[in-house]
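J.: Got a predicted structure plus its sequence, pasted below:
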Amino acid sequence: MAGLLNILDHAAVALSGINLIEASAGTGKTWAIASLYLRLLVERELRPEQILVVTFTEAATQELRARIRRRIREALDVMRGESADDEFLVVLRDRAEESGSTEQAAQLLEAALAGFDMASIFTIHGFCLRALQDHAFESGALYDTELMDDQSALAGQVIDDFWRERFFGSANRLLAYALLKKWTPDSLAVFLRSLQLSERDVVLPLYGEVEIARIEGEAQAAFDEICRIWRDEREALTDLLWTSKALSRAEKFYRDDKVEPLLSALEEFAAGGNPFALFDGFEKLTKSGITAGLKKNATPLNHSLFDACERLQSAANERLLALKSELVAFYRQRLPERKKEGNIRFFDDLLIDLYLALTDGPEAAALAEALRNRYRAALIDEFQDTDPVQYDIFRRIYAGSDAPLFLIGDPKQAIYSFRGADIFAYLQAASDVGEERRFTLNANWRSVPRLLDGFNRLFDEARQPFVFDDIPSPPLVAGRDVVDESAAPPLEICLLDGGKEEGSMNSGDAAQFAAEACASMVAEAIGGGEDASGIAVIVRTHRQARQMQAALRKAGIVSVMRSDESVFASIEAEEVRILVTALADPGREPLVRAALVTPLFGLNGSDIARLNADENAWAARLQEFRDYHRLWRERGFMVMARELMRREGVRERLLATVGASGERALTNVLHCFELLHREAHVHGLGMESLVAWFSERVATRETGEEYQIRLESDEAAVKIVTAHVSKGLQYPVVFCPFQFGGSNGSGEVVLCHDDAGRMVRDFGSSSIARHRAAAARETLAENLRLFYVALTRAEERCIFFTARIVDGRKSGKPPQLTPASYLLYASDDTRQSAEPVAEAVQELQAIGTDEMAQKLQAMAEESGGAMQVRRLSFGDDFRVSVPPASSTERPALVLRQFERRLDTDWRIASFTTLSRHKHMAFELPDRDENLPEPATAPVALPEADRSIFAFPKGAGAGILMHSIFETLDFATVSDADIDAACMTALDRYGFDQEWQPALASMTREVLATPLSSPGGPFTLGGLKARTWFTELEFFFPLRRITAPELAEVLAKHGVIPAGTDPAAALQALDFAPVKGLLMGFMDMVFEAQGRFWLLDWKSNHLGNSVEEYRRDRLGKAMQENLYRLQYLLYTVALDRYLALRVPGYRYETHFGGAIYVFLRGVSSERGEQFGFYRDLPPAELIRELSELLVETGKGESEG
């Protein structure tokens, strides 16, 4: 067993060297980290940026940051004289008082709080990225390397390269057999993903040139023999296969109509000359195939051809195995080369690159010293989830120095092997630090004492509860004194009895039985006064979560699911995929019909039949989809999605679903919509690209923190939580109804560790049987750790289920070994054996449910009231619902009268609201959507004209033109950049590429036109880097304003020209009184010649020649569309923005004015007199508009 660990004294442990702290569930790991952090601040006088804290998720970094900040504040209060019940803080204060350094300690803590935003609290990837970037010289990292989060596309390119090299041209001898075995580039990608390749793993089997030559020689020899035998004995073999009474004539064997094609294929194969071109059915000619096809009790058939075919098939299979080995070597070499060529790296590369720089780099020692000097101490959280590379990074930085490195974790909670975590790295670290540097936290602050006693008995360290001898499980003591008022033992074991065949059940029946029984017990608990929100049902899989939710729903219990399952794996994601596919191509009627029968629209087969029979109704439906398509193209995905949900009543339809499944469905649909919107917005994807992106993720069920399904309701409800998600959480009552089984070793790839602790990934070596046994042992160990995590979430009561589960049709099949059955029934000798899995299964096979019940009862009687047993029989009626409220008297219902006045003036307003008589729930960047078209064009254009004047008009054109300028880098733009931006915009918005020259010419003219300013002329194509923003969104608080009030100010300053009919002016500004927020989007704000300028792109078509875009014509368009009001509103907002951010800002000296660019009429040769409308509003006007529009709170000054 592991040596006795030292109990950690937070206030006394030496702050030096490498230390390992084992923190069992509920023992205050985060509290310990925060306490060590305080001592490093006070005793080592380190600043927050000098203390490295590493954990493994972004959410965990935020929580740690908040907890440490709060702990610093608490310590500071104590140092300043406040009383404290916290023993650690009292010791810290007393120690400072004894040394006369209380004020110094307080100042250090105060400084730490002030500078805490600089605290070095990172994820492991964040730390590695920072280390590589900040020490690029020592690490050899390039400054401009692009960091990407998904390497599947690049991996696919490497696999495609391998496929071409191995199967095209002269190297195609293996292609036929590979295709017969259903090889594709996609299947090879799946194979590589299952290997989970990492830097230092051992991958088996390995094949070199000598082994491959041997295999091919054996295959050729066997093929030559087959050809000789077939040539010499064709008739005899044909007669044997046709007439032998020993052969089964069933369809899958040697039925008469199967024999002739088999013989013909053999003839063609022998004539082909390629020993690896095996055909479909070849196995029927091998010795093993013939044996499998014999009738019962028939005499075996022997022939040299069958032996030769057996040898050839064996050689062909081994050659494909060798080809997979070649793929692994090719992938490991080519993928890094591809990354280097593209100057890109992915998140896992950050770890590898830093590890290699610290190990093999020419500046390895200098890099380690630089990192050690920057981070004078390190606290590594969740260290049980590390891997050898991560451990080596920190070991190489801190080993051999006095700098404190604390590795904090719990090997009993190492449950993330599927993410690459390696418990053996933790065990190696434990071995390296030595017993004097290994500590444990022995006080549990979560569970009540009797429940804790039950856990201590269940996971008794003396009985090797976690399979591996090096994983300690010391008994814990209760950290808090609580009165346990319940008379019932808090740890309850429910034994499921199948009622026959020794009480066994298959896994399906056991799962359903457990779900119904658990739902009944949850109902009893709620009926007994337990708060539903304090109950958690912890499950292993997402399927079990859905099954449990259905059982709870049937019992009338509201529940919510919390899981790490990807939303892309949900049925709703598939329904959204069907929907967006149809919306992107509404002309394909089958796609539209498929979308209509999803729950989003709620139609059924009969509804579709009625639509098919009613041509007008079907045409109307198709038009609706075309409308959604247009809205998506012109206004973006989310605008379209909102409108679709409103028109089609999607929210109401989904929520009308019986039970809580409607909330779950709606949550998933909205989550999918949000992901689609974000991807379109961040990466600028058009319809087709966005649909392809979403479809690919649904097909692969892509995982990621941002893709995890969300809680569907905040209502007080029973929580259904997967064990992986439950880690770090706690609940008063926990149920674990399902078996925490699982396997590793039954698939193509077997993962295990060798005697040296190295990861072995075996996909077919001669040692695979031994590796499968090792993998089964490691899987049992991880399942036990997962079971431990699930149970120890409980604070007051924990109930778990166990059963004798036997799957399979054959009698005598051994029972399934689960974590519960191992803990409850495996003997001490079995736990100590070299093969505990096999021996535990044998022991389990020898006992039935009655003996299990006896063992459990004995355990409960010895527990001193900590444990109890309940035996549940299959077939019992568990139809128990949540009982109604105990009171039978209902209060009289009184209709309350609403007497307050609703304030209907408050809303979010915009230029659109004030100028177009519209109230909109949201505002988007102005794209000239509703421009009046001129009645006639002064100059007729030929039909084939492709000048910018002939370019299509309307919102789509405006969106396209805006997008070109949004993507350009005005500081470095080249002709190639302009051409590419125009082509991308045309493709994205569905315009013909023949318009590219006109758009590119327009763009060049705009960028090259000289613009005057007090500081000298400038051009938009000559702006300095980082001197502009595009699509700058703003909000400011809006006073209550009426149309007459606004019109009065505008008329006073000539914005509404003198002589204009006041009634007409008010008609243009006829909006309801409004207050709340004013928002908008500025197309572009830039700095040039020492001034800031507001710019807006306009795609308005005013005519078919440059002359028609002169200043007076532009002024008319500005007046008709109230664009002057638009830039005045924007100037008010920009003035406030600049006043807050530019030191010494004055409107008169810093603001250059508003520039409206009418893109179709710009000519660099003719200058800014054509196509450019410019104005510098008077400072007094902007001041008056600010006073009129901007609501300032009490005590708030403008600006």
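T.: All right, it came through fine. Residues are numbered from 1 along each chain as shown.
J.: per-residue confidence for residue 832?
T.: Residue 832 is assigned a predicted lDDT (pLDDT) of 89.
J.: Can you name the residues that contact it?
T.: residue 464 (Cβ atoms under 8 Å, 6 or more residues apart in numbering). No exception for glycine: its C-beta is placed from N, CA and C like everyone else's.
J.: i'd like the first residue to be 35 from this point on
T.: New numbering, starting at 35: the last item is residue 866.
J.: max-length helix in this structure?
T.: helix 338-376 (DSSP state H).
J.: Relative to residue 370, how far out is residue 188?
T.: 10 Å (Cβ to Cβ, to the nearest Å).
J.: hang on, the earlier thing: report the distance from the longest helix of the chain to the chain centre.
T.: On the basis of Cα atoms, centre = their mean, to the nearest Å, helix 338-376 sits 33 Å off its chain's mean C-alpha point.
J.: What is it packed up against?
T.: helix 186-201, helix 209-214, helix 219-229, helix 243-277, helix 321-326 (3 or more Cβ pairs under 8 Å, 6 or more residues apart in numbering; DSSP states H and E).
J.: what is the rounded mean pLDDT of it?
T.: 94.
J.: and the angle for that helix with helix 243-277?
T.: Counting by axes from the mean of the first three to the mean of the last three Cα atoms, to 10 degrees, helix 338-376 lies at 140 degrees to helix 243-277.
J.: next helix or strand past helix 338-376?
T.: strand 378-380 (DSSP states H and E).
J.: Low-confidence regions, the stretch 185-334 of the chain specifically.
T.: The stretch 185-334 of the chain contains residues with pLDDT under 70 at 204-205.
J.: which regions of the stretch 385-534 of the chain sit below the pLDDT cut-off?
T.: 517-520.
J.: ranges for the helices of it?
T.: 398-408, 422-432, 457-467, 483-492 (DSSP state H, counting those that start in this stretch).
J.: Tell me which of these lies nearest to residue 1164.
T.: helix 398-408 (44.8 Å; Cβ to Cβ).
J.: Show me what the closest one is packed up against.
T.: Checking 3+ Cβ pairs under 8 Å, 6+ apart, helix 398-408 ends up next to helix 158-168, helix 170-173, helix 381-393, helix 422-432.
J.: Which strands and helices lie in contact with the last one?
T.: Counting by 3+ Cβ pairs under 8 Å, 6+ apart, the packing neighbours recorded for helix 422-432 are helix 381-393, helix 398-408, strand 411-414, strand 439-443, helix 457-467.
J.: coming back round to it: relative to residue 929, which of the helices and strands packed on helix 338-376 is closest?
T.: helix 186-201 (60.1 Å).
J.: what angle separates the closest one from helix 219-229?
T.: 120 degrees.
J.: Which strands or helices does helix 186-201 pack on?
T.: helix 219-229, helix 338-376.
J.: any idea which of those is most buried?
T.: Greatest average neighbour count among the helices and strands packed on helix 186-201 goes to helix 338-376 (a mean of 18), per mean count of other Cβ atoms under 10 Å.
J.: which outside residues touch stretch 892-910?
T.: Under Cβ under 8 Å, 6+ apart, the answer for stretch 892-910 is 484-485, 487-488, 491-492, 522-533, 539, 543, 547, 551, 858, 887, 890-891.
J.: Among those residues, which are located in strands?
T.: Taking DSSP state E, the ones among those that sit in strands are 525-531.
J.: So in the chain, where's the weakest helix or strand by average pLDDT?
T.: helix 1096-1102 (a mean of 53; mean pLDDT, DSSP states H and E).
J.: per-residue confidence averaged over stretch 1077-1088?
T.: For stretch 1077-1088, the mean per-residue pLDDT is 86.
J.: how much distance is there from it to the middle of the chain?
T.: With Cα atoms, centre = their mean, you get 52 Å for stretch 1077-1088.
J.: what's the answer for stretch 299-306, then?
T.: 51 Å.
J.: For it, buried residues please.
T.: Residues 299-300, 303-304 are the ones in stretch 299-306 that count as buried (16 or more other Cβ atoms under 10 Å).
J.: Give me the subset of those residues lying in helices.
T.: Reading helices off the buried residues of stretch 299-306 with DSSP H, I get 299-300, 303-304.
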